[in-house]
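Engineer: please find the sequence and the predicted model below.
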Amino acid sequence: MRKSMLVAVLVGVLGAGAGSGAFAQVKQMYWMTSGLFGPFPAVALIPTLPKEKQRDVTIPVSMWLIEHAKGLVVFDTGNNVAVSDGNCKKYWPAGFCDLLAPSQKRDDVVDMQLKKLGYSADRVKAVITSHSHLDHIGNIKMFPKAVHVIQKKELYQAWWPEKFQRGAFVMGDFDGTATDLNYFELDGDYDLFGDGSITILATPGHTLGHQSIRVKTAAGNTYVITGDAVWMQENLDGYPAGLNYSVKDYTSSVNRLKAIRDLENAEIMMSHDQDQWRAKGGRWFK
Ligand SMILES: [Zn+2]
């Protein structure tokens, strides 16, 4: 009797270890895009690019759905629904519409994307917003029941941005009903569900309170979802993005994510990389 109990306990312990049990909370995650931007020259976004590196790009507007045992998590909500179907200039500054050329259709918006995956926005437990720029915070109002995870500094900056970044923050994204959302205002890193499977990483620089996430899946893989801490491969190659709040902090954040990649064998998932999206976008990751 006692022997069989011991065996049962051992099997339980070994079983928990076998399936990377510590992080078995994230079953899978899905890479979505809120339409595309472009084509335009990459140098328009990355002014430091040398001539021989210049190319035209058509880039995703990345959003992620993460299936966690405790509930659904969305990382970034894309362009506001009002930008859909050629209506960009009615909602965004005209200069951004001309530069980015968003192709978003109503069907591409986050609520419709979730529907296609079998979920409604009402079922989402947590919305993590990397930062308050117009292509990342656009549809937080579609998630009135969720906990909204954002750096406190980022909310401050959204409401009174630096002049040189002002056009990239659209007040309609976070005013009105968005002020009543259930915000979890962070000051730095945070372990979202207390189990190490989804960790918020403070990665300031692109904006004052930018954040990325690290996801450890049940299958034993580690992903770093960068948001705009890394737009595309050129940024990893050492060419900083334009439009940074602080280039010094931006560079430190890129280096932080690279270190996590190298130490933890993580895969870096960039927000606006044409080639990575074409190779891996619109599918599940385990
Ligand atoms: Zn962006």
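Structural biologist: Looks like it came in fine.
Engineer: got the residues of the stretch 101-250 of the chain near the ion?
Structural biologist: 135, 228 (Cβ under 5 Å from the ion). Where C-beta positions appear, they are placed from N, C-alpha and C, glycine not excepted.
Engineer: now do 8 Å
Structural biologist: Selection of the stretch 101-250 of the chain residues close to the ion by Cβ under 8 Å from the ion yields 131, 133, 135-136, 227-228, 231.
Engineer: so can I have JSON lines of these showing neighbour count?
Structural biologist: Formatted as JSON lines, those follow (neighbours: other Cβ atoms under 10 Å):
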{"residue": "H131", "neighbour count": "28"}
{"residue": "H133", "neighbour count": "26"}
{"residue": "D135", "neighbour count": "30"}
{"residue": "H136", "neighbour count": "27"}
{"residue": "G227", "neighbour count": "29"}
{"residue": "D228", "neighbour count": "28"}
{"residue": "W231", "neighbour count": "25"}
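Engineer: possible to save those as JSON lines with pLDDT and secondary structure?
Structural biologist: Below are these laid out as JSON lines (pLDDT from 0 to 100; DSSP: H, G, I helix; E, B strand; the rest coil):
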{"residue": "H131", "pLDDT": "98", "secondary structure": "coil"}
{"residue": "H133", "pLDDT": "97", "secondary structure": "coil"}
{"residue": "D135", "pLDDT": "98", "secondary structure": "coil"}
{"residue": "H136", "pLDDT": "98", "secondary structure": "coil"}
{"residue": "G227", "pLDDT": "98", "secondary structure": "helix"}
{"residue": "D228", "pLDDT": "98", "secondary structure": "helix"}
{"residue": "W231", "pLDDT": "98", "secondary structure": "coil"}
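Engineer: kind regards, and thank you for your time.
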